[in-house]
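**Student:** could you look at this predicted model? Sequence included:
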Amino acid sequence: MKFPAPDARREILLARRNQKMARSPHAYVRGNTAKYYEWLHSLRGHALPQGPAIWICGDCHLGNLGPLADADGAIEVQIRDFDQTIIGNPAHDLVRLGLSMAAAARGSSLPGVVTAHMLEHLMAGYVQALGTAGKSGSKQKPDLIKVVMRNAVRRSWKQLANERIVDTRPNIPLGKNFWPLSKSEKIAISQLFETREMAKLVTTLKSRDDDARIEVLDAAYWVKGCSSLGRLRYAVLLRVGDVDHCLIDIKEAVHATAPRYPHASMPRDNARRVVAGARQLSPALGERMIAQRFLEHGVFIRELLPQDLKIEIDQLSMDQATLMARYLAYVVGCAHARQMDRATRNSWRNELKLDRSKTLASPAWLWNSVVQLMASHEAGYLQHCHKYALGADGS
């Protein structure tokens, strides 16, 4: 297989990203955060409620939630992606999650009334979380989540290696998902893992010895994700001590599209912003991340654990759709609520209960936002397919 030179990667990766987004309307929604915020910027006045200034995910869709293990091995469903995290309006996460669930329902050929019920349950789950002070363990999990959690608990390093790098031998096989590094990239990665900060990150997990020897066994450019294709992304295989192995994910941090609140105090460095948001919203992951400079770019780094999974759902039944919407909104609500005091939580909860019609339990701003976004994204998806799946000339 012929691999692209580092300076030729971006064009190939963007083409692959466009092809992935053409696979389904839900894939398009997941991969096109920019379109969501284009719509958001077009709103006039106070079309959405103005929530408290807290860290939000900024890209709160179905695929960005899932089981995560903390440094002690405890597993909990939390937000798992923070490229877009900023201090902003929590209503933006609610609308983005509602759009994602509506797109999943459409992909499952569910009738439109199910979307209405999903948004009602989504709001109910979120409001319930605001009353718990962010104690996320108390909500009953849907059967689909229980299955994902059981799979996460049972997963081993061997399964992680087979899934991520195909082989459990001490190397990363090059191919479709892993490309070779340039000489400068290899040197930079070697130097990175000689730092005290990286040693501390690696030895924090699994009660490894603080003075354990860390050896870079292999590294490769990682062709992964959808919205992140085109950025710097690396997989690094390490040996820790004599027998332990671990897989490190290095990802470039870029400017967030999500709108921050004016005067909000956040790290100016994008990698530090990502880590700061993760530690507020998903402590299980945030405590396992650090920000570094790599080849003049800000990157955030974490060890991948076997228990870290995304929620992958191909088809939803009517009952599953409403239960999942309620539970996932509860998870997001807990992440938000942990950052608020009681008075702020009560005020925000009361605000969310306003603007409801006699026939719809969800507030009008949420329903109208999701309807408008679904229409906008449907048109955008068809145009995207015409351009990238058929070709710009339609042939």
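**Tutor:** Alright, I've got the coordinates. Since the structure is predicted, the reported quantities are computational estimates derived from the model, not experimental observations.

**Student:** run through the bridge partners of Ile87.
**Tutor:** Applying DSSP bridges to Ile87 gives these bridge partners: Trp55.

**Student:** just checking, it touches Cys57?
**Tutor:** No: counting by C-beta atoms under 8 Å, Ile87 does not reach Cys57; the two are 11.8 Å apart. Using the backbone N, CA and C atoms, a C-beta is placed for each residue, glycine as well.

**Student:** the two: which is more packed in?
**Tutor:** For the pair Ile87 and Cys57, the greater number of neighbours falls to Cys57 (30 against 22), based on other C-beta atoms under 10 Å.

**Student:** wait, what's in contact with the residue positioned nearest the centre of the chain?
**Tutor:** Closest to where the C-alpha atoms of the chain average out (C-alpha atoms, centre = their mean) is Asp81, at 2.5 Å. By C-beta atoms under 8 Å, 6 or more residues apart in numbering, the contact list for Asp81 reads 57, 59, 63-64.

**Student:** any idea how far Lys224 is from it?
**Tutor:** When C-beta to C-beta, to the nearest Å is applied, the distance between Asp81 and Lys224 equals 12 Å.

**Student:** for this protein, just list every one of the strands.
**Tutor:** 54-56, 65-69, 75-79, 86-88, 178-179, 214-222, 233-240, 244-252, 289-294, 297-304 (DSSP state E).

**Student:** other SSEs contacting the first one?
**Tutor:** It stands for strand 54-56. The contact analysis (3 or more C-beta pairs under 8 Å, 6 or more residues apart in numbering; DSSP states H and E) places strand 54-56 against strand 86-88, helix 90-107, helix 270-281.

**Student:** report the angle between the longest one and strand 75-79.
**Tutor:** Orientation of helix 90-107 against strand 75-79 (axes from the mean of the first three to the mean of the last three C-alpha atoms, to 10 degrees) gives an angle of 100 degrees.

**Student:** report the helix or strand with the lowest average pLDDT across this protein.
**Tutor:** helix 157-164 (a mean of 57; mean pLDDT, DSSP states H and E).

**Student:** out of the strands of the chain, deepest packed?
**Tutor:** Neighbour counts (mean count of other C-beta atoms under 10 Å) averaged over each of the strands of the chain peak at strand 54-56, with a mean of 26.

**Student:** which residues does it contact?
**Tutor:** Contacts to strand 54-56, defined as C-beta under 8 Å, 6+ apart, come from residues 85-90, 92-93, 258, 276-277, 280-281, 336, 339-340.

**Student:** ok, and for stretch 172-188, which residues are buried?
**Tutor:** Of the residues in stretch 172-188, 172, 177-179, 181, 185, 188 count as buried by neighbour count, 16 or more other C-beta atoms under 10 Å.

**Student:** picking up where we left off before, may I ask which two of the contacts of strand 54-56 are separated the most?
**Tutor:** Ala258 and Met340 (19.1 Å; C-beta to C-beta).

**Student:** between the two, who's got more neighbours?
**Tutor:** The neighbour count for Ala258 versus Met340, taken as other C-beta under 10 Å, is higher for Ala258 (23 against 20).

**Student:** before we move on, back to that, which among the contacts of strand 54-56 gets closest to Asn32?
**Tutor:** Nearest to Asn32 among the contacts of strand 54-56: Ala258, at 13.5 Å, using C-beta to C-beta.

**Student:** in the protein, which spans are helices?
**Tutor:** For the chain, the helices defined by DSSP state H occupy 9-21, 25-31, 33-42, 90-107, 112-130, 143-154, 157-164, 183-192, 196-204, 270-281, 283-286, 318-337, 342-352, 364-384.

**Student:** ok, which of the ones you listed comes nearest Val77?
**Tutor:** helix 318-337 (5.4 Å).
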